[in-house]
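Enquirer: have a look at this prediction, sequence included:
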Amino acid sequence: MPAPDSYDAVIVGGGHNGLVAAAYLARAGQSVLVLERLAATGGAAVSTRPFDGVDARLSRYSYLVSLLPPKIVRDLGLDFVVRKRTVSSYTPTVRGGRATGLLVGGDGTRDSFAALTGSDREYEAWQRFYGMTRRVAERVFPTLTEPLPGRDALCERIADPEAWRTLFEEPIGVAVEKNFTDDLVRGVVLTDALIGTFADAHDPSLLQNRCFLYHVIGGGTGDWDVPVGGMGALTDALARAAREAGAEIRVRHEATRIETDGTRAEITVRSPGSEHVVAARKVLVNASPQALAALLGEEPPAPAEGAQLKVNMLLTRLPRLRDRSVDPREAFAGTFHIAEGYGQLADAYRDAAAGRLPAAPPSEIYCHSLTDPSILGPDLAARGYQTLTLFGLHTPARLFAADNAATRAELLAATLAELDAHLDEPLTDCLARDEHGEPCIEAKTPLDLERDLRLPGGHIFHRDLAFPYATESTGRWGVETAHANVLLCGAGAVRGGGVSGVPGHNAAMAALGR
């Protein structure tokens, strides 16, 4: 039997982190093979046309960029850009029987706070609080592509005991309640602690704090930007960079087993109509820790559980709002918060923790096409069509176990009803139709994401996030495993989660001994 093909590095999984690792290693002169089980690379960071016969290329799963370091874009020479949104967020509500809302971003932010709350107090508290997070972001974000700092070293780098206590030591709910008095403002702040995370504001595990931290440090500013051309533009650029550097990428090739003695590994690969083995000095796994354990034949870690609803929509026009003081093009340009008051978020968490769908499902929406219309075909753009992406909170996978399809439909209807409460017309009146006459809307539950992308339990971060500092079990880069030549380069690594490329970069640096 001939010896298996041998490489310096085999990368299991062609998602964006795997492609980042492949590009770095190939540029360092390594022979690199990327194995991707699907028909295309990209994983969750892809652009697709989900609606039959409709020329709209949506970021189907991941959709905004914050944590991608410009260093990676520069290092790899990526033809990829992001664009700032003109508005940070809009949160509709009803006060005194009147439709109103909070618009954050632009010159009218102070006036919007004053109109909502009746004074400048909340606005000034907002400025102080996010001034603090901005200073933390400027000091922490650069560390994400360096070896993990120790806990004390990171604390010293932040050099702000109050900020350290607020973000790293006590539940974020303490700071929210201490700094803000308005329920709606409190809810807007808390949402960054809950995206993709099922936790209460006062959860003693500080899971919500870890989520909040990663949401406010991106780019050193905390801004969440729009990928021009959609998320697939990033992964297409990464695949080009990897190939141009010499990496070999094989789609429809699934790694099914890894055997290693710590210095050399053999990877069993299943491809259409055959099964074969390739060898490598190092293996970088761009998959969940559960998938890594299965490949190695080891005991898997504790199961993960996602807790979100993802909805993609195409509209013939943006809906009219009950709050006539704001233009829909302004309200939907940023993050449009729905049922995300502080009390509403607490109620939704209690409902879901008790095993039932939230009575008022919280969610948030943004319109990619307002900032970047290039994802629409010329005809759709000319006719004023718009995309909407909705991300629902506090819907853990367990709620869908009995009947995923029926629960999905029930939750989608309830979520849209919460949105409709702030619209001057039903959202369904604005939905475009595909070539079959069906409305252009699709919803994905955690179980759908587990099926489609093999996210464990539909968890978009692969597992609970960790603070970005070293512990006894993390290793130097946060990507190491029990096997010296097997590294984890996916979202489940320390400093993983989100579209960042950070685990891919760090696994490549570890593989190169840097």
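Expert: Cool, the structure landed.
Enquirer: pLDDT weak spots in the stretch 151-300 of the chain?
Expert: The stretch 151-300 of the chain contains no residues with pLDDT under 70.
Enquirer: quick one, helices of it?
Expert: Ranges of helices in the stretch 151-300 of the chain, per DSSP state H, counting those that start in this stretch, are 151-158, 161-164, 172-179, 183-191, 207-217, 231-244, 289-296.
Enquirer: what sits against residue 276?
Expert: By C-beta atoms under 8 Å, 6 or more residues apart in numbering, the contact set of residue 276 is 4, 268-269. The way it works is simple: take the backbone N, C-alpha and C, and place the C-beta from them, glycine included.
Enquirer: which one (most neighbours) among those?
Expert: Compared across those, residue 269 has the highest neighbour count, 23 neighbours, by other C-beta atoms under 10 Å.
Enquirer: okay but that residue is in contact with residue 258, surely?
Expert: No - Residue 269 is beyond contact range of residue 258, at 10.5 Å (criterion: C-beta atoms under 8 Å).
Enquirer: what's the longest helix seen in the chain in contact with?
Expert: When the chain is parsed with DSSP state H, its longest helix is helix 121-140. Residues outside helix 121-140 that contact it (C-beta under 8 Å, 6+ apart): 104, 109-110, 113-114, 116-117, 154, 157-160, 162-163, 166-167, 175, 179-182, 185, 189, 213, 216-222, 468.
Enquirer: out of those, which end up buried?
Expert: Neighbour-count burial (16 or more other C-beta atoms under 10 Å) applied to the contacts of helix 121-140 gives 104, 109, 113, 116-117, 154, 158, 163, 166-167, 175, 179-180, 182, 185, 189, 213, 216-222, 468.
Enquirer: adjacent strands (with direction) for the longest strand belonging to the chain?
Expert: In the chain, taking DSSP state E as the definition, the longest strand is strand 274-285. Paired strands of strand 274-285, with direction, are strand 5-12 (parallel), strand 265-271 (antiparallel), strand 486-488 (parallel) (DSSP bridges).
Enquirer: and the ones you listed as CSV, adding distance to residue 339?
Expert: What follows is these, written out as CSV (distance: least, C-beta to C-beta, whole Å):
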stretch, distance to residue 339
strand 5-12, 40
strand 265-271, 45
strand 486-488, 36
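Enquirer: among these, which is nearest residue 94?
Expert: Nearest of the strands paired with strand 274-285 to residue 94, taken as C-beta to C-beta: strand 486-488 at 47.1 Å.
Enquirer: so how far is residue 384 from residue 316?
Expert: From residue 316 over to residue 384 the distance is 7 Å, taken as C-beta to C-beta, to the nearest Å.
Enquirer: same question for residue 115.
Expert: Residue 115 sits 29 Å away from residue 384 when distances are taken as C-beta to C-beta.
Enquirer: likewise residue 415?
Expert: 25 Å.
Enquirer: who's more crowded, the two?
Expert: In this view residue 415 and residue 384 are compared by other C-beta under 10 Å, and residue 415 has more residues nearby, 25 against 13.
Enquirer: how about residues contacting stretch 238-253?
Expert: In contact with stretch 238-253 (C-beta under 8 Å, 6+ apart) are residues 14, 16, 19-20, 22-23, 25-27, 31-42, 76-79, 269-272, 501.
Enquirer: roughly how far is that stretch from the heart of the chain?
Expert: 24 Å (C-alpha atoms, centre = their mean, to the nearest Å).
Enquirer: next one: stretch 341-350
Expert: Distance, centroid of stretch 341-350 to centroid of chain: 22 Å (C-alpha atoms, centre = their mean).
Enquirer: list the buried residues in it.
Expert: Neighbour counts using 16+ other C-beta under 10 Å place 341-342, 344-349 of stretch 341-350 among the buried residues.
Enquirer: that older thread, which of the strands paired with strand 274-285 is buried the deepest?
Expert: Across these, averaging neighbours per residue (mean count of other C-beta atoms under 10 Å) puts strand 486-488 on top, at a mean of 26.
Enquirer: following that one, which helix or strand shows up next?
Expert: helix 502-511 (DSSP states H and E).
Enquirer: report the distance from the longest helix of the chain to the chain centre.
Expert: Taking C-alpha atoms, centre = their mean, one finds helix 121-140 lying 22 Å from the centre of the chain it belongs to.
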